[in-house]
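Quick one, structure for this:
(one chain, ligands or ions: 2)
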Amino acid sequence: MSVMLTPVKPQLDEPEAIGRGLTDEEVRLKREKDGFNELHEEKRKSAGAVFIDQFKDFLVIILNIAAVISAFLGEVESSIVILSVVLLNAALGTIQHVKAEKSLNSLKAMSAPSANVLRNGKVVQIPSREVVTGDILIINAGDYICADARILESYSLLINESSLTGESVPVEKNAEFVSGEHVALGDRKDMAFSGSFVTSGRGKAVVTAIGMDTEIGKIADLLENAKEKSTPLQERLDQFGKALAIGITVICLIVFGLDVIRGRELADSFMFAVSLAVAAIPEALSSIVTIVLAFGTQKMAKENAIIRKLHAVESLGNISVICSDKTGTLTQNKMTVQLFYTDGQMLGHDQLKPGNKHHEKLLRMALLCNDAVTSGGQEIGDPTEVALVNIGKQYGFDELAEREQNQRIGEIPFDSRRKFMSTVHRIGHKQVMITKGATDVLIPRISRIETAGGVQAISLHQIESIRQASHSFADGGLRVLALAYKEVLPTLPGALQEEGLTLLGLIAMMDPPREETEQAVADCIRAGIKPVMITGDHKITAIAIAGKIGILNDPSEAVEGKDIEKLSDDELKDRIEEISVYARVSPEHKIRIVRAWQEKGNVVAMTGDGVNDAPALKQADIGVAMGMAGTEVAKDASSMVLTDDDFSTIVKAVSNGRSMYSNIKNAIQFLLSGNAGAIFVVIYASLLALPVPFLPAHLLFINLLTDSLPAIAIGLEPHSKKVMKEKPRDKDEGLFSKRDVMQITMEGLLIAAVTIIAFQYGLSAGGPADATTMAFATLCLARLFHGFNCRSKDSIFRLGLFTNIACWTAFLIGVILLNLVLTLGLFEVAQLGKEQLYMVYGLAFVPFIIIQTGKLLFVKS
Ligand SMILES: Nc1ncnc2c1ncn2[C@@H]1O[C@H](COP(=O)(O)OP(=O)(O)OP(=O)(O)O)[C@@H](O)[C@H]1O
Ligand SMILES: [Ca+2]
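Numbering: from 1, shown residues only. Ligands and ions are numbered 1, 2, ... in the order given. This next block holds a predicted model:
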């Protein structure tokens, strides 16, 4: 990468700002001057522009031409009807579009990246866009850097700058000023750049540039996520819609041809053919998807699942495997220390002896090799460490006082691959390294043991008892940490040897499963979804918890990360279905697990929170990031974020995803079956050379009333738990099965049949005018009734008649307007007698009765 830049000295107006950060007033002034920390996105379309867009539609252009032609032909009334259809449809389209966009944008804002900054002397988390120059960024592993900043302090700080330099190996950063006229961006070790992320370590930096002034802002054109592409379903529907339009055009051309051959006037035939096309084409097709997704994702957000990528909603319904972290997702992540093992004894959490030097050392060192803080009422930090601080407090030790007295001078931070961490402290006039981590990992690094009697070389026998103690803790589902230390010479932290340690003892803590987990796991299994637990914790702990919540039936279903390392990809694939629990895994293992399941034809959801989880989250069909415990990098790689980190939220999301899909399908089924009904009637009349069954204005009216509104109402059908009784949808399955097509045809035929009966009755009893009016009214009503049929596969008598108010609204609007037309004699309808009206209502109700009876008889509740 050839970007060169001149180094900047940090511009701090006042040096003390480093200590306390900016004040609100300073932030306000900067904001006024520089604005928000944002890259400029393309301007969003105004409602007016969206409205105009609606007229670029192929169908609408045809309609407009038809309106002009009919005006020329002197059919002013028809022109007006067509134009109002166009206007109304455009208005409806615009409202839907703007609403959907608004709702999706509000979701985006909810999952917007955030940053930790020092303001008014306190560390606060703020949305990245509110960062200003001069802000002190507090950066930690997993953070996205949201502005260009000069490093002030660093502890093993490694930053990945691949988005800027293309170099995927993280760069070590420190405060040492890099001088020189033109230094390549990759060599600016004293700067953190916007768009990069912290892979490990921590540090502080002062913001030097924001928004478009950052290096990434200068390169611009990086807004790959800015535009939401259409989802696969939308694309499939677009294609389907086009194919349908062509099919319908062909039918209309044939009807037109037949009409002309039979000597009907050219202009009339033309108008009729066009109106038929308009009525038959389901123009609401794609807006239904948008609107269902918009409402559905809002609902999901309220239930703590934020959709970041819209296409994820469709895949949600296909999920057949959910791979979930244990800690915090299946469990509460509220750790409490339960037991100690020290000096050859197992002790309860309240059985340490005050005044016992050895016990006190164990507690105090646990506070030092620890970044959590609970002073000040709030628990900040890793729950594992919070548990240690809390137990220390119970025995009267204060974490801040301890850390003040025994200054930390170096550290190697916790890493989920190593599974332990070390800190170096000045204790008295000695330098001591304290190491804490997983017992099995630390034991090989331990050579001595401290007991009440003093320090001695550790014996094989002692190691064996320690292993046994650790084992029995884990058996009870506890997380076990070992704590050890050693004296070190003043060396660079990088040169620390974490070996030859002296063991102080073991600390076991409990993290109970979340209350909802067991039920959610059961729901999952009933819905044909395999839940899999993935954890960094010990295998025995994992088995204990997984057994309790129903993920695992037999301990043989659990493996460790190192076991799968021995397996080739093919071997893993062969065994994958037998494994329910993966323990002691590193993030790298996750991606192999996802792939193996995917190769078996599954759709996989995978949870993650750390930087190293990002590849697995991207590989999964649905990457699920933790909103509370997750890093910004994990969130960015995910397609869904859980704001409560709860496993049961994923299961709810799956249920919502399935419901949305079935609602969309039902709405489309309504459109297709109703339109098919209209076409069947026209074809029937055409083939038998009967008079036209509908006037053009009638078709347009039917289109207006019975297409979009009820379809949208069906799309908004309340979600039902029943969707979780079925197996997941096959990902290769088309939108409609053969059965669905059969059903749509049958329903269309039923509606056509009653309309034809009404038409024939009108012909024999009154004449063509009565016949058209009766056919028109029957079709209109039958379709309105049919709206209730399409709410669900199940009968509405089991669903509850009034559980979808939108359906009633659409229905009532339709019925009232139809009656208005009939009584006022609009659109050239004939005045119907009482008997004829009864006939119309009776006939229109027949398909409803037949279909509902069928559902009551043949659909299991
Ligand atoms: N702060 C810590 N300091 C030292 N050791 C730790 C710390 N946190 C966890 N460990 C050790 O590392 C092991 C793995 O922890 P890790 O955080 O990778 O798993 P986890 O992410 O908590 O579990 P899960 O993958 O289910 O969420 C733990 O079993 C514990 O022994
Ligand atoms: Ca239509």
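
Just give the nearest non-adjacent residue to whichever residue of the stretch 401-550 of the chain sits closest to ligand 2, would you?
Here the stretch 401-550 of the chain gets closest to ligand 2 at one residue, Ala527, 35.8 Å apart by C-beta to the ion. C-beta here means a position set from N, CA and C on the backbone, and glycine is covered the same way. Using C-beta to C-beta, 6 or more residues apart in numbering and skipping the chain neighbours, the partner closest in space to Ala527 is Met724 (4.3 Å).

residue contacts, that neighbour?
Asp523, Arg526, Ala527, Val651, Val654, Ser655, Arg658 (C-beta atoms under 8 Å, 6 or more residues apart in numbering).

and these, which are buried?
With neighbours counted by 16 or more other C-beta atoms under 10 Å, these contain buried members at Asp523, Ala527, Val651, Val654, Ser655, Arg658.

element containing the third one, please.
What that stands for is Val651. Element membership of Val651, judged by DSSP states H and E, is helix 647-687.

cool, and Ala625?
Going by DSSP H and E, Ala625 is part of strand 622-626.

tell me how far that strand is from the chain's mean position?
Computed by C-alpha atoms, centre = their mean, to the nearest Å, the chain-centroid distance of strand 622-626 equals 7 Å.

quick one: it near ligand 1?
No: on the criterion C-beta under 6 Å from any ligand atom, strand 622-626 is out of touch with ligand 1, staying 9.0 Å away.

List of residues touching that strand?
For strand 622-626, using C-beta under 8 Å, 6+ apart, the contacting residues are 312, 315-316, 319, 325, 328-329, 603-609, 616-617, 634-635, 637-642, 645, 650.

how far does stretch 753-770 sit from the chain's center?
53 Å.

With just CA atoms, put it into CSV.
Provided in CSV are the C-alpha atoms of stretch 753-770 (Å, rounded to 0.1, in the frame of the first residue of the first chain):
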residue,chain,number,x,y,z
ALA,A,753,-66.9,-21.6,-10.2
VAL,A,754,-69.1,-19.5,-7.9
THR,A,755,-68.4,-16.4,-10.1
ILE,A,756,-69.4,-18.3,-13.2
ILE,A,757,-72.6,-19.5,-11.6
ALA,A,758,-73.4,-15.9,-10.6
PHE,A,759,-72.6,-14.8,-14.2
GLN,A,760,-74.7,-17.5,-15.8
TYR,A,761,-77.6,-16.8,-13.5
GLY,A,762,-77.4,-13.1,-14.3
LEU,A,763,-77.3,-13.9,-18.0
SER,A,764,-80.4,-16.0,-17.9
ALA,A,765,-82.4,-13.9,-15.4
GLY,A,766,-81.5,-10.4,-16.4
GLY,A,767,-79.1,-9.8,-19.3
PRO,A,768,-75.5,-9.0,-19.9
ALA,A,769,-75.5,-5.9,-17.7
ASP,A,770,-76.9,-7.8,-14.7
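
Buried residues, it. List them.
Judged by neighbour count using 16+ other C-beta under 10 Å, the buried positions of stretch 753-770 are 753-763, 766, 770.

next one: stretch 594-606
Result for stretch 594-606 [16+ other C-beta under 10 Å]: buried residues Val594, Arg595, Ala596, Trp597, Gln598, Asn602, Val603, Val604, Ala605, Met606.

Now do the closest residue to ligand 1 within the chain: how many residues are near it, please.
Across the chain, the shortest distance to ligand 1 (C-beta to the nearest ligand atom) belongs to Gly536, at 2.5 Å. Counted by other C-beta atoms under 10 Å, the residues lying close to Gly536 total 21.

remind me which residues of the stretch 151-300 of the chain are low pLDDT?
The stretch 151-300 of the chain contains residues with pLDDT under 70 at 179-182, 220-230.

So which bits of it are right by ligand 2?
Neighbours of ligand 2 within the stretch 151-300 of the chain, by C-beta under 5 Å from the ion: Ile281.

Mind jotting down where the helices sit in the stretch 151-300 of the chain?
162-165, 215-219, 232-261, 266-280, 285-302 (DSSP state H, counting those that start in this stretch).

which parts of the first one are buried?
Buried residues in helix 162-165, counting neighbours by 16+ other C-beta under 10 Å, are found at Leu164, Thr165.

Adding distance to Val81 and pLDDT, write the buried ones among the contacts of Met724 out as a markdown table.
Converted to a markdown table, the buried ones among the contacts of Met724 look like this (distance: C-beta to C-beta, whole Å; pLDDT from 0 to 100):
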| residue | distance to Val81 | pLDDT |
| --- | --- | --- |
| Asp523 | 51 | 94 |
| Ala527 | 48 | 94 |
| Val651 | 50 | 95 |
| Val654 | 45 | 95 |
| Ser655 | 43 | 95 |
| Arg658 | 40 | 93 |
